[in-house]
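Participant: I would like to see how this sequence folds:
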Amino acid sequence: MTQDELKALVGQAALKYVVPGEIVGVGTGSTVNKFIEALASMKGRVPGAVSSSNASTERLQALGIRVFDAAEVGELAVYIDGADEIDGRGYMVKGGGAALTREKIVAAQSRRFVCIADDSKRVEVLGRFPLPVEVIPMATQRIARQFQALGGTARVRLKDGVPLVTDNGQHILDVTGLQIREPLAFESEVNQWPGVVTVGVFAHQKAAVCLLATARGVQTLEF
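Facilitator: Below you'll find the model as predicted:
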């Protein structure tokens, strides 16, 4: 199967976790785009969605799915999103699509996080994928030095030759060279650094379930 076919497979499989009659939390990225396409088949059975990015909001609305502001609704039954990495405990690295802050907000608002990914995203130790960190621009260089002290190399993410600006008006640092063996402690530490908006380690908001697309079909991992 191609990567595109694998993403479509888990996007479709995620529909069984959507609760009819309840608003669903929707993430961001190429795998989630396949879920959004599949969700269109249920749009008469769910009131709508809370979206983690402007890009996902546009896709949902284009398919006739109502998008609610997170502040308008209470707890969500489920949040469905992808991951750049996921380990054997359900801890993830996310933010390759630069939506990590809003993703973490919607994840925290949801009772259950269902991760959809292909088996290339499964790792033993987080850190192979460059760790995204959303930062306030004036703190960028100081935060980069703090990562350097931990053995990492932080680079500002660029788009068209200039720093990428997130939906929140901030910048992204991508950090390489780390091995994150204690995700909970690491997330807690980095989130306390002045100028960090969100670190892309999802440990406090980890996955409850991962639907992993493999050449043999969808594997369900529960944590």
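Participant: show me where this protein has helices.
Facilitator: In the chain, helices defined by DSSP state H lie at 3-13, 30-39, 54-62, 100-108, 140-149, 183-191, listed in chain order.
Participant: which stretch in those has the least confidence?
Facilitator: The stretch with the lowest mean pLDDT among the helices of the chain is helix 3-13, at a mean of 92.
Participant: which helices and strands sit right next to it?
Facilitator: Counting contacts by 3 or more Cβ pairs under 8 Å, 6 or more residues apart in numbering; DSSP states H and E, the secondary-structure elements packed against helix 3-13 are helix 30-39, strand 113-118, strand 209-214, strand 217-222. Any C-beta I mention is one placed from the backbone N, CA and C, and that applies to glycine too.
Participant: Pick the most deeply packed of the ones you listed.
Facilitator: Of all the helices and strands packed on helix 3-13, strand 113-118 carries the top mean neighbour count, a mean of 26, counting by mean count of other Cβ atoms under 10 Å.
Participant: which parts of the lowest-mean-pLDDT helix or strand in the chain are buried?
Facilitator: Every helix and strand of the chain was ranked by mean pLDDT, DSSP states H and E. The lowest is helix 3-13, at a mean of 92. Neighbour-count burial for helix 3-13 flags 6-13 (criterion: 16 or more other Cβ atoms under 10 Å).
Participant: residues in contact with the closest residue to Ala203 other than its chain neighbours?
Facilitator: The spatially closest residue to Ala203, leaving aside those adjacent along the chain, is Pro183, at 3.7 Å (Cβ to Cβ, 6 or more residues apart in numbering). Pro183 is in contact with 87, 89, 91, 126, 201, 203, 206, counting by Cβ atoms under 8 Å, 6 or more residues apart in numbering.
Participant: rewinding a little: CA-only coordinates of the least confident helix or strand of the chain, as CSV, when you get a sec.
Facilitator: As requested, C-alpha coordinates have been extracted for helix 3-13 and formatted as CSV (Å, rounded to 0.1, in the frame of the first residue of the first chain):
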residue,chain,number,x,y,z
GLN,A,3,1.4,6.1,2.3
ASP,A,4,-1.7,7.8,1.0
GLU,A,5,-3.7,4.5,1.0
LEU,A,6,-2.4,3.7,4.6
LYS,A,7,-3.6,7.2,5.8
ALA,A,8,-7.0,6.7,4.2
LEU,A,9,-7.2,3.3,5.9
VAL,A,10,-6.8,4.7,9.4
GLY,A,11,-8.8,7.7,8.6
GLN,A,12,-11.8,5.5,7.9
ALA,A,13,-11.1,3.2,10.9
